[in-house]
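Visitor: requesting a structural model of the entry that follows:
(one chain, ligands or ions: 2)
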Amino acid sequence: MTAIGIYGSAGRMGRAIAGAIVDQGAVLAGGCEAGGDPLALARIADVLVDFSTASALDAHLVAARTAGTPLVIGTTGLSAAQHAAIDEVARDVAILQTGNTSLGVTLLGMLVREAAAKLGADWDIEVVEMHHRHKVDAPSGTALLLGEAAAAGRGAPLSELRVDGRGGLTGARSDGTIGLASLRGGSVIGDHSVIFAGEGERIELNHRADDRSIFARGAVKAALWLADRPAGRYRMGDVLGL
Ligand SMILES: NC(=O)C1=CN([C@@H]2O[C@H](COP(=O)(O)OP(=O)(O)OC[C@H]3O[C@@H](n4cnc5c(N)ncnc54)[C@H](OP(=O)(O)O)[C@@H]3O)[C@@H](O)[C@H]2O)C=CC1
Ligand SMILES: O=C(O)C1=N[C@H](C(=O)O)C[C@H](O)C1
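Guide: Ligands and ions are numbered 1, 2, ... in the order given. Purely as a prediction, here's the structure:
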């Protein structure tokens, strides 16, 4: 049986993943929190999942590479430098990084890409997300994933098109941009909408998470899939065959 190690094991997602590991016929190799030994966990696990915090990721990448243990990264709020570090470590070990491990969001990303490509640049695109009051990063990893999908449909990187959280005298909307807006409150697990606004009509593609189990199941599925893959950087679409 595959032994899965969890970075961030005592958190909301860490606890949900521990339950999903048992449900999906794997075993828990162990967990690691702040102050723990990431390398010791990496050495005893067949595969690792990271749902901790962005500032912890660098040490987890080093541990995964040193031990040669594949790593699923679900933690969000990553910097450009951290994405570059993931590319670098993925030369030596299998890594899957995604802002959302659910089947629904993985499929939604594909639909958004196709809609953005088909509708053309005269349709304005806005991504809106809402999460619980404890979330520490914005926009959410999922909003970025969906924004990247929309940008890819338009044949450009998101970094060239994104406009974050408008305020004040913004002037009129610039053609071809992709807006990102974040709301925080209460216990919302994760709501995402991608709005395509044209002249006289509007399309909205939505995803609502009712329960963290959708992320936990996806994370374990990704871990089991990744455990014996060769080095490289993978996506949820690879796992789900989408
Ligand atoms: N990709 C996906 O599908 C999903 C991604 N996420 C992302 O997962 C991450 C965790 O979310 P959530 O579980 O809600 O957050 P929590 O704050 O509940 O859990 C994070 C856990 O990581 C711990 N932690 C902090 N520093 C370290 C460290 N150096 N090493 C190991 N563990 C550490 C925290 O401990 P302490 O509390 O003591 O700081 C906490 O127990 C977030 O980035 C979130 O956006 C969430 C849901 C789905
Ligand atoms: O922090 C969360 O809770 C979530 N984070 C992920 C994100 O940033 O998109 C995924 C999910 O929406 C829940």
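
Visitor: who touches the residue nearest the centre of the chain in this structure?
Guide: The chain has Gly99 as the residue nearest its centroid, 0.7 Å off, counting by Cα atoms, centre = their mean. Applying Cβ atoms under 8 Å, 6 or more residues apart in numbering to Gly99 gives the contacts 74, 76, 140-145. Using the backbone N, CA and C atoms, a C-beta is placed for each residue, glycine as well.

Visitor: cutoff 7 Å now
Guide: Contacts for Gly99 (Cβ atoms under 7 Å, 6 or more residues apart in numbering) come out as 76, 140-142, 144-145.

Visitor: can you tell me which of those is nearest ligand 1?
Guide: Ranked by distance to ligand 1 (Cβ to the nearest ligand atom), the contacts of Gly99 are led by Thr76 at 3.7 Å.

Visitor: follow-up on the earlier one: now render the contacts of Gly99 as JSON lines, adding distance to Tyr7, neighbour count and secondary structure.
Guide: Shown next, in JSON lines, are the contacts of Gly99 (distance: Cβ to Cβ, whole Å; neighbours: other Cβ atoms under 10 Å; DSSP: H, G, I helix; E, B strand; the rest coil):
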{"residue": "Thr76", "distance to Tyr7": "14", "neighbour count": "23", "secondary structure": "coil"}
{"residue": "Ser140", "distance to Tyr7": "19", "neighbour count": "24", "secondary structure": "coil"}
{"residue": "Gly141", "distance to Tyr7": "16", "neighbour count": "22", "secondary structure": "helix"}
{"residue": "Thr142", "distance to Tyr7": "20", "neighbour count": "25", "secondary structure": "helix"}
{"residue": "Leu144", "distance to Tyr7": "21", "neighbour count": "22", "secondary structure": "helix"}
{"residue": "Leu145", "distance to Tyr7": "20", "neighbour count": "24", "secondary structure": "helix"}
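
Visitor: isn't there a helix covering Leu111?
Guide: Yes - assessed by DSSP: H, G, I helix; E, B strand; the rest coil, Leu111 belongs to a helix.

Visitor: tell me the spatial nearest neighbour of it, not counting adjacent residues.
Guide: Among residues not flanking Leu111 along the chain, Leu205 sits closest, at 5.9 Å (Cβ to Cβ, 6 or more residues apart in numbering).

Visitor: so the one you found makes contact with His192?
Guide: No - in this structure, Leu205 is not within contact of His192 by Cβ atoms under 7 Å, at 8.7 Å.
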